[in-house]
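J.: need a structure here:
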Amino acid sequence: MNDWSYGYVTEVPYTYGYYAELNPVRLILPFLFVSIMPPKVETACELGFGQGLSINIHAAASNVEWWGTDFNPTQVSFAKELADVSGANLHVFDESFEEFCERRDLPEFDFIGLHGVWSWVSPENQKIIINFIRKKLKVGGVVYISYNTLPGWLQMIPLRELLAEYIDNILAKGEKITDRINKAIDFAERFFETQPAYAKANPQVLNRLKKIKNQNRNYLAHEYFNRDWSPIFFHHMAKILSEAKLNFACSASYIDHIEVVNLTKKQQEFLKKEGSNSIFSQLLRDFICNVQFRKDYWVKGIKRIDPFSRINQLRSLQVIAVAPLDSFEYTVSGLLGEAKLNESIYKPIIEFLSDYKPKTILQIEHVLKKKDISFIQILQAIMILGAKGVINLVQNENTISKVKRRVQRLNHYILQRSRSYGDINFLASPYTGGGIPVGRFEQMFSLGYMQGKRLPEQLADFTWNQLSALNQRIIKDGKPIQSAEENLAELKRMAEDFLNKKHRLLKSLSVL
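T.: I've put the predicted structure just below:
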């Protein structure tokens, strides 16, 4: 383990994930939903940005000045490469939290984000982070933080300790971390075959082990095998963040705001009666739902918004479809499982948004005016559609116009990269200020389309030429397709689907 790593895994790179909650545009809707005035975000910071995909997309697709650090120099090098390509107003460093927080050139921030950081750093670094927030977050500023939560992780803590101890003190240090993880999983399976009392008392641990076995080994290295790994109860987190003068605002997960799909009627009534204190209410909810991972917004100085202004601001918000709507499924998944959506409410909204152009909530309200559907029902529908990844909020026209060139440069670089790699599955949109899911083959089809290939056969040939040159094959049903004919047939089918559904959407969002 390198001294500069502070016990954090650096042997293998982190995944190229994109995390929408780090997009400041996204916080506007849940803030207004709970009657909190959202701040204007002009400066933002991400601590521990990993490969830097999120921070680059958000910097390129907005007028926000972004700063960030991640002490893994390989990851920072890639983040810098993306920033140089787009020309975004982005400053990234390969400094520890302590070094970064002592910089004298840092501005004060309207937004500070930490995704997947808090639970995996030392208590010393946690104190540094709190001190940084206290000093550098503006009054009225927002902190987004996600972290492993208790009680959901209680059963898993002993197994994680067992696996980590096996890797650190039983296996040879010279082996690759991914090989050691495979051996640790094999050890755990052999251990559970002995039917230990721990497994009998904690039956869900076996299911967790099965899930771990099928996950990306680089992800597992960072998720479970850092030196520090500390799930925390919500009320303890609230006490720690209060040292930075932060108050809990709301969940960053849109679906968390829709209680009917997460809590039974009896649970809702109990929570309403016993959870008058906001901190205790969240703790109760975590126990009711056995929450393992929280995504929360915290504010330094909450400013409540009056009901009249709240309604007007909500009605003025613009939304746009960010997923193909012709195959929209009228269901939503919550903690209670899958629930059906009322088609009399959702169908006219989906039809209205199907031209893939921005619409205000007020315009949606006018469309549904004759259907005896209340504003509260419309607002809940907007939250659920956002949770499903079907719609996103839209930035103002001036911002959209200013950032289009930067977005085009960033997206073109990622498209070119897709010829060799399939690890980045998002492109930026100037409309949303954030990322849009676009898989590798969709990226390659987009690249071919830009080169004048308009027919499915042409896109399939173009893509197959790229894949075959690198001896790569399409994976279907978990197995590689071997023959050229079968690969071309599958690519043609995917290209037809892309042209019929995704291409129009990407053009409308100025992704392409």
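J.: what sits against Val390?
T.: By Cβ atoms under 8 Å, 6 or more residues apart in numbering, the residues touching Val390 are Ala321, Val322, Ala323, Leu325, Phe328. All C-beta spots, glycine's among them, are computed from the backbone N, C-alpha and C.
J.: surely the first one is in contact with Ser354?
T.: By that I understand Ala321. Yes - here Ala321 reaches Ser354: they are 7.0 Å apart, a contact under Cβ atoms under 8 Å.
J.: which of the two has more residues huddled nearby?
T.: More neighbours sit around Ala321 than around the other of Ala321 and Ser354, counting by other Cβ atoms under 10 Å; the figures are 24 against 13.
J.: what's the closest non-adjacent residue to the more buried one?
T.: Leaving out its chain neighbours, the residue that sits closest to Ala321 by Cβ to Cβ, 6 or more residues apart in numbering is Leu353, at 4.5 Å.
J.: domain assignment for this protein?
T.: Under the assignment named as automatic domain parsing, the residue ranges that make up the domains of the chain are 3-149+230-254+292-299, 156-224.
J.: looking at the ones you listed, which is buried most?
T.: By mean neighbour count, with neighbours taken as mean count of other Cβ atoms under 10 Å, domain 3-149+230-254+292-299 ranks first of those at a mean of 20.
J.: so how far is that one from its chain's centroid?
T.: Computed by Cα atoms, centre = their mean, to the nearest Å, the separation of domain 3-149+230-254+292-299 from the middle of its chain amounts to 12 Å.
J.: again, but for stretch 326-343
T.: Taking the mean C-alpha point of stretch 326-343 and that of its whole chain, the gap between them comes to 20 Å (Cα atoms, centre = their mean).
J.: now it: average pLDDT?
T.: Averaged over stretch 326-343, pLDDT sits at 93.
J.: which of the contacts of Val390 has the largest number of neighbours?
T.: Of all those, Val322 has the most neighbours under the rule other Cβ under 10 Å, reaching 27 neighbours.
J.: so the residue lying closest to that residue once chain neighbours are set aside: helix, strand or coil?
T.: The spatial neighbour of Val322 that comes closest, neighbours along the chain excluded (Cβ to Cβ, 6+ apart), is Asn392 at 4.8 Å. Using DSSP: H, G, I helix; E, B strand; the rest coil as the criterion, the local structure at Asn392 reads strand.
J.: who does Asn392 bridge with?
T.: Asn392 has these beta-bridge partners by DSSP bridges: Ile320.
J.: for it, give me the pLDDT.
T.: Note on Asn392: pLDDT of 97.
J.: okay, now it: neighbour count?
T.: Neighbours of Asn392 under the rule other Cβ under 10 Å: 27.
J.: for Ala469, see how far away it is.
T.: Counting by Cβ to Cβ, to the nearest Å, the separation of Asn392 from Ala469 is 36 Å.
J.: still on that earlier bit, for the contacts of Val390, which two are the farthest from each other?
T.: The span of these, defined through Cβ to Cβ, is set by Val322 and Phe328 at 12.3 Å.
J.: strands of the stretch 51-200 of the chain, start to end?
T.: With DSSP state E, counting those that start in this stretch as the criterion, the stretch 51-200 of the chain has strands at 65-69, 90-93, 109-114, 137-148.
J.: CSV please, covering these and showing mean pLDDT and distance to Ala164.
T.: Putting the strands of the stretch 51-200 of the chain into CSV (pLDDT from 0 to 100; distance: least, Cβ to Cβ, whole Å) gives the following:
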stretch, mean pLDDT, distance to Ala164
strand 65-69, 97, 26
strand 90-93, 97, 29
strand 109-114, 98, 23
strand 137-148, 96, 14
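J.: format these as a markdown table; extra columns: distance to Ser77.
T.: Formatted as a markdown table, the entries for these read as follows, by distance: least, Cβ to Cβ, whole Å:
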| stretch | distance to Ser77 |
| --- | --- |
| strand 65-69 | 13 |
| strand 90-93 | 10 |
| strand 109-114 | 21 |
| strand 137-148 | 25 |
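J.: for Gln75, which of those is the nearest?
T.: Closest to Gln75 of the strands of the stretch 51-200 of the chain is strand 90-93 (Cβ to Cβ; 9.4 Å).
J.: which strands and helices sit next to the closest one?
T.: Applying 3 or more Cβ pairs under 8 Å, 6 or more residues apart in numbering; DSSP states H and E, one finds that strand 90-93 contacts helix 53-60, strand 65-69, helix 73-86.
J.: any chance of these in TSV, plus distance to Leu341?
T.: As requested, the helices and strands packed on strand 90-93 are arranged in TSV below (distance: least, Cβ to Cβ, whole Å):
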stretch	distance to Leu341
helix 53-60	29
strand 65-69	36
helix 73-86	37
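J.: against Tyr431, how distant is Gln395?
T.: If you go by Cβ to Cβ, the gap between Gln395 and Tyr431 works out to 7 Å.
J.: more neighbours: which of those two?
T.: Looking at Gln395 and Tyr431 with other Cβ under 10 Å, you find the greater number of neighbours at Tyr431, namely 29 against 23.
J.: follow-up on the earlier one: got a list of what the residue nearest to Ala321 touches?
T.: Counting by Cβ under 8 Å, 6+ apart, Leu353 touches Val319, Ile320, Ala321, Leu325, Lys359, Ile391.
J.: average pLDDT for stretch 247-263?
T.: Stretch 247-263 shows a mean pLDDT of 95 in the predicted model.
J.: would you put the C-alpha positions of it in CSV?
T.: As requested, the backbone C-alpha atoms of stretch 247-263 are provided in CSV (Å, rounded to 0.1, in the frame of the first residue of the first chain):
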residue,chain,number,x,y,z
ASN,A,247,-29.0,21.2,8.6
PHE,A,248,-30.7,18.4,6.9
ALA,A,249,-32.7,19.6,3.9
CYS,A,250,-34.1,16.5,2.1
SER,A,251,-33.2,13.3,0.4
ALA,A,252,-31.5,13.7,-3.0
SER,A,253,-33.3,10.6,-4.2
TYR,A,254,-36.5,11.7,-5.9
ILE,A,255,-38.4,8.4,-5.1
ASP,A,256,-37.8,8.9,-1.4
HIS,A,257,-40.2,11.8,-1.5
ILE,A,258,-43.1,9.6,-2.6
GLU,A,259,-44.1,7.8,0.6
VAL,A,260,-46.9,5.7,-0.9
VAL,A,261,-44.4,3.5,-2.9
ASN,A,262,-42.0,3.2,0.1
LEU,A,263,-44.1,2.9,3.2
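J.: pull the number of nearby residues for the closest residue to Asn63 other than its chain neighbours.
T.: In space, Asn63 comes closest to Thr399 once its chain neighbours are excluded; the distance is 5.2 Å by Cβ to Cβ, 6+ apart. Other residues near Thr399 come to 18 when the count uses other Cβ under 10 Å.
J.: how much space separates Thr399 from Ala61?
T.: Here the distance between Thr399 and Ala61 works out to 9 Å (Cβ to Cβ).
J.: so where does the residue nearest to Gly275 when sequence neighbours are not counted fall, helix or strand?
T.: Nearest in space to Gly275, with sequence neighbours left out and distances taken as Cβ to Cβ, 6+ apart, is Ser281 at 3.1 Å. Secondary structure from DSSP states H and E places Ser281 in helix 278-289.
J.: residues in contact with that helix?
T.: 149-152, 233-235, 238, 248, 262-263, 267, 270-271, 274-275, 291, 294, 335.
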